[in-house]
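Student: predicted coordinates and the sequence they were generated for:
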Amino acid sequence: MKLNIFTILVTVFSLFALSANAQYQLENAGFEEWEDVGLPVEEPVDWSSIKTGDVPNLNIAAPIVWGKSTDAHSGNYSLKLFNVWVFLINQAAVGTASNGRYHPDLVIENAWSYTDTTDGRWNTPLPHRPDSLVGWYKCYPEPGDFGTVKAVMHRGYAQQPQGDSEWIGVAYYELPGDTVDVWTRFSVPFEYTLDETPEYILCYMTSGNGIDALGASYALFDDLELIYNTDGIDEFTSDNFKAFSRNGELIVRVNESSGLKYQFYIYDITGRNVYNTELVGGQESRINHGLTAGIYILKANIGDKVLSKKIIID
């Protein structure tokens, strides 16, 4: 079905906003990338759980409470979290994953996740104030149980669920207490208590209600996204960003930050990322993109700048 010109223009303007905000997002928020961390199951890249915490002796005893699921909202994978009964503590360990690091404890009330500002594996810099957190889930709770999603904007070190004195803003969402077996979108605003610019975001999801988690509850999560208002982040458009299509190739040149590497992305008019690579500023790059004819948005992430261009490939 052909799109009318008004629909195309609305979509293009929306994608310009998308490209500006795309730089400041949770890493691997679609859970498409997984890595071997020396365990029977892989962990999602840039996320961790209780078996890769900072107490090695407890890591060995901790149960596996996460997995890679092919039941995805988009792409190939989603994150599955599930509660596990632990006889050692006579209690259910909640399925959980965080973009920070875990500090486990045999007394679950004394465990937490935290941002380790000294190690890039366990922190996510995000120097902006998003309006809300959205994502997709399925949930299968035991009666009386429910999963959660929480994101904390903060400066310096921070931990959760304790440590609220360090927080600048919080988004918190409770999944329903009933089974939801179709992919369902959640949206929750950030509530800011301090008028400061954050440095990091600390996020975690659970399949059950923390220390009160029950039995076999489990949940699936996918496609987390931070939403900004139009003034929440700067977008840079520049005459120094040159791009055109010729003979099946995309020729790109970004004169900013000459000699430095930058991330380059292509989005179609639905907002889907169809190509990405790393290029070098100041150099002309030729990309055999293999894309069909249509309208695309090009985006280059260079330091704190987001350069964007619309292009028509015919």
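Tutor: Structure received.
Student: my guess is Leu298 meets Ala243, correct?
Tutor: Yes - if you go by Cβ atoms under 8 Å, Leu298 and Ala243 touch, sitting 5.4 Å apart. C-betas here are computed from N, CA, C, even on glycine.
Student: find the residues that touch each one of these two.
Tutor: By Cβ atoms under 8 Å, 6 or more residues apart in numbering, Leu298 and Ala243 have these common neighbours: Val252, Lys309, Ile311.
Student: buried ones among those residues?
Tutor: The neighbour-count test (16 or more other Cβ atoms under 10 Å) marks Val252, Lys309 as buried among the shared contacts of Leu298 and Ala243.
Student: can you lay out the shared contacts of Leu298 and Ala243 as CSV showing pLDDT and distance to Ala97?
Tutor: Below are the shared contacts of Leu298 and Ala243 laid out as CSV (pLDDT from 0 to 100; distance: Cβ to Cβ, whole Å):
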residue, pLDDT, distance to Ala97
Val252, 89, 36
Lys309, 78, 36
Ile311, 82, 37
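Student: now, which of the shared contacts of Leu298 and Ala243 lie within strands?
Tutor: Val252, Lys309, Ile311 (DSSP state E).
Student: so what's the residue nearest to Phe264 when sequence neighbours are not counted up against?
Tutor: Once flanking residues are discounted, Phe264 sits nearest to Leu279: 4.8 Å by Cβ to Cβ, 6 or more residues apart in numbering. Contact analysis of Leu279 by Cβ under 8 Å, 6+ apart lists Val252, Val254, Lys261, Tyr262, Phe264, Ser285, Ala300.
Student: narrow those residues to those that are buried.
Tutor: For these, buried by 16+ other Cβ under 10 Å: Val252, Val254, Tyr262, Phe264, Ser285, Ala300.
Student: right, and Phe31 touches Tyr137 too?
Tutor: No - assessed by Cβ under 8 Å, Phe31 is found out of contact with Tyr137, at 12.0 Å.
Student: okay, and the common contacts of those two?
Tutor: Common contact partners of Phe31 and Tyr137 (Cβ under 8 Å, 6+ apart): Phe221, Asp222.
Student: so which of the buried ones among the contacts of Leu279 comes closest to Asp71?
Tutor: In terms of Cβ to Cβ, no member of those lies closer to Asp71 than Phe264, at 31.4 Å.
Student: check contacts around the closest one.
Tutor: With Cβ under 8 Å, 6+ apart, Phe264 has these contacts: Val252, Asn276, Thr277, Glu278, Leu279, Ser285, Leu298, Lys299, Ala300, Asn301.
Student: hmm, His289 and the third one touching each other?
Tutor: No - using Cβ under 8 Å, Thr277 and His289 do not qualify as a contacting pair, with a distance of 9.8 Å.
Student: more crowded one of those two?
Tutor: Shown here are Thr277 and His289; by other Cβ atoms under 10 Å, His289 has more neighbours (16 against 12).
Student: leaving out chain neighbours, which residue sits closest to the more buried one?
Tutor: Per Cβ to Cβ, 6+ apart, closest to His289 is Leu250, 5.0 Å.
Student: these two touch, right, that neighbour and Ile313?
Tutor: Yes - shown here, Leu250 and Ile313 form a contact pair, counting by Cβ under 8 Å, at 7.5 Å.
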